[in-house]
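In: Fold the stuff below for me.
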Amino acid sequence: MKNIILILLTFSITTFLSAQSISDALRFSQTESASTARMAGIGGGMSALGGEFSVVNVNPAGLAIYRSSEFSITPSFDLRRSTGTLGGRNDSQSENASTFNFSNVGIVLNSRPRGKWRTSNFAIGYNRIADFKENFDFEGRSSGSMADQFLELATGPDGLGIPAQQLDDFLAGPAFDAFAIGDFLDDDDNLRYFNDFEEAEPGAEVQRLQSLEREGSIKELSLSLAGNYRNKFLIGGTLGIPFLRYAQSREYEEFDPGTEFDGNIPFFESLQFTDTLSTDGIGINLKIGMIYWPTPKIRIGAAVHSPTFYRLTDYYDTSIDYTYTELDQTISGRGIPAEPRDIDYGFRTPWRFIGSGGLVIPKVGLLSAEVEYVNYAGSSYNLDKDGNSVFDTDRGDVANGDIDNELQSALNIRVGAEYMIQRFLVRAGYNWLGSAYSDRDGSRSRISLGGGFRADRYYLDLAYVRGITESEYSPYNLRDNSAEQLVNRKLASNRILFTFGYRF
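Out: Numbering: from 1, shown residues only. Okay, here's the model as predicted:
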């Protein structure tokens, strides 16, 4: 029985059942360092230069540069446009999603102890380090059906059927209740399953469409302390407490185009699959950094981020509706789980190691660069919790095995520049984020522009960040990838940040 469960999990975990998957491991591990407009405008790579609240997310030693207390707040506006194209001759579908948030609220309290320590600063703040908002649609015609996956899940490794009472609660079980798959006894009295698509002509197509909505974020409460020793050596640390919320809802539909020319499928009329997933939790992490000044103009920094240790809870639910025609009679069925899934588990993000450098050009501006090393294969799930079943712990083992096999280490590079025109500042930056996948290119890039104004007591900063991500998506998976539905996904993100700061 255990082997059957593992086989079922292997081919369904990436799309269904819970957030314990590679895609969600990356989603919760790839966070944003630039929560203020200045940091965003310069490309997010100024951790060696400091004097900017966002450094608590990267190298908290940069807080030691503050020589006065300061309050800052950053509202931000995000617009994301997702384009989905089902493989083949199908047209693209585009959807927009926008959010208005506060990316940063923080306060730095400055003190000047006696002796060789020039400053000792404490900071407390809130930073929005990830945003999951996205609307993603696709539509078109292709061969194959989600019912093929239900059929696979109901079939054991020996090719025989699994008794109906032992089918999983969220896919094969509801599919059986909705008549998307049926059963019979063969000539040897062995249990077998079938679906209507076994009767279809090779290459017969169905019309399919999907609407998917994601939302949520990671908001981190940061407590930081930093000191400046003789304007040569700066050290600092941040205790981070992230609050994670992620929600996804999906409506997927297939229906028979209904003409002989297009390859009408006997019996089949339509299939609708819906699922909802929400993940909530809290974590803890530690960031430690240092900055060394060989000269007043040159800054060299290094930082280490511990993994974030999350305690998460998933809530998952599905429904399946299926309609077919037999003897000129239309028959409909509906399948739902006995109850929604609610599960507690742990998740650990990877370690991060950061090296940075900066050059200060008096009365002109500055240059900055930063390199970050992340081994995404170091993330892992822990489902060995009180109240969880063997089914749950086995699912965690499968997910962790997939992470080990398919993810790799990556380098993230951030560079930027700032030019001073009296009290006005002009900024530009570029990010190159290496691929986390070992078997395909998943690298990303972003460009940023910004400006600012400095007065005696207050300052204003504005930034624009543009990024494009391309990836592949599949609404369901089959063991041999036959009739796999590959959707090309392009996500264009546009972000505007505005920071107001006041010194006191």
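In: What is the neighbour count of residue 479?
Out: For residue 479, the count of nearby residues is 13 (other Cβ atoms under 10 Å). In this view, the C-beta of every residue, glycine as well, is placed from N, C-alpha and C.
In: Check residue 29 too.
Out: Residue 29, neighbours per other Cβ under 10 Å, totals 21.
In: quick one, what contacts it?
Out: Residues near residue 29 by Cβ atoms under 8 Å, 6 or more residues apart in numbering: 349, 350, 374, 376, 379.
In: Between these, which sits nearest residue 137?
Out: Within the contacts of residue 29, the smallest distance to residue 137 is 28.1 Å, found for residue 376 (Cβ to Cβ).
In: Please tell me the pLDDT value assigned to the closest one.
Out: Per-residue pLDDT puts residue 376 at 97.
In: Distance check, it against residue 438.
Out: Distance, residue 376 to residue 438, using Cβ to Cβ, to the nearest Å: 9 Å.
In: Buried residues of the helix or strand where residue 410 lies, list them for me.
Out: Here residue 410 is covered by strand 409-421, with elements defined by DSSP states H and E. Across strand 409-421, burial judged by 16 or more other Cβ atoms under 10 Å covers 410, 412, 413, 414, 415, 416, 417, 418, 420.
In: And the fifth one, how far from residue 127?
Out: As defined by Cβ to Cβ, residue 415 lies at a distance of 22 Å from residue 127.
In: Can you report how many residues lie near residue 295?
Out: The tally of other residues near residue 295 (other Cβ under 10 Å) stands at 9.
In: Okay, residue 266 and residue 459: tell me how far apart.
Out: Distance, residue 266 to residue 459, by Cβ to Cβ: 70 Å.
In: Which one's more surrounded, these two?
Out: Legend: neighbour count by other Cβ under 10 Å for residue 266 and residue 459, higher for residue 459 (20 against 15).
In: What about the contacts of residue 29, which are in strands?
Out: Judged by DSSP state E, the subset of the contacts of residue 29 located in strands is residue 374.
In: Is residue 128 part of a helix or strand, or is it coil?
Out: Using DSSP: H, G, I helix; E, B strand; the rest coil, the structure places residue 128 in strand.
In: What residues does it make contact with?
Out: Contacts for residue 128 (Cβ under 8 Å, 6+ apart) come out as 32, 35, 76, 101, 102, 103, 104, 217, 218, 219, 220.
In: hmm, try it at 6 Å
Out: Taking Cβ atoms under 6 Å, 6 or more residues apart in numbering, we find residue 128 in contact with 101, 103, 217, 219.
In: Then residue 96?
Out: Counted by Cβ under 6 Å, 6+ apart, residue 96 has contacts residue 81.
In: measure it to residue 456 for me?
Out: For residue 96, the distance to residue 456 equals 41 Å [Cβ to Cβ].
In: So which of the buried residues of strand 409-421 is the closest to residue 120?
Out: Of all those, residue 418 has the smallest distance to residue 120: 26.8 Å, by Cβ to Cβ.
In: Please report how far that closest one lies from residue 367.
Out: Per Cβ to Cβ, residue 418 is found 8 Å from residue 367.
In: that older thread, report all helices and strands that the strand holding residue 410 contacts.
Out: On a contact count with 3 or more Cβ pairs under 6 Å, 6 or more residues apart in numbering; DSSP states H and E, strand 409-421 meets strand 365-375, strand 424-433.
In: ranges for the strands of the stretch 101-250 of the chain?
Out: Along the stretch 101-250 of the chain, counting by DSSP state E, counting those that start in this stretch, strands occupy 117-131, 134-143, 182-185, 191-194, 205-229, 233-255.
In: got JSON lines for these, with distance to residue 323 and mean pLDDT too?
Out: As requested, the strands of the stretch 101-250 of the chain are exported to JSON lines (distance: least, Cβ to Cβ, whole Å; pLDDT from 0 to 100):
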{"stretch": "strand 117-131", "distance to residue 323": "38", "mean pLDDT": "96"}
{"stretch": "strand 134-143", "distance to residue 323": "19", "mean pLDDT": "94"}
{"stretch": "strand 182-185", "distance to residue 323": "14", "mean pLDDT": "94"}
{"stretch": "strand 191-194", "distance to residue 323": "17", "mean pLDDT": "95"}
{"stretch": "strand 205-229", "distance to residue 323": "13", "mean pLDDT": "96"}
{"stretch": "strand 233-255", "distance to residue 323": "9", "mean pLDDT": "97"}
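In: The helix or strand residue 489 falls within: partners in the sheet, and parallel or antiparallel?
Out: In the assignment (DSSP H and E), residue 489 maps to strand 487-503. If you go by DSSP bridges, strand 487-503 pairs up with strand 70-86 (antiparallel), strand 458-473 (antiparallel).
In: Packed most tightly, which of the ones you listed would that be?
Out: Sort the strands paired with strand 487-503 by mean neighbour count, taking mean count of other Cβ atoms under 10 Å, and strand 70-86 sits at the top with a mean of 20.
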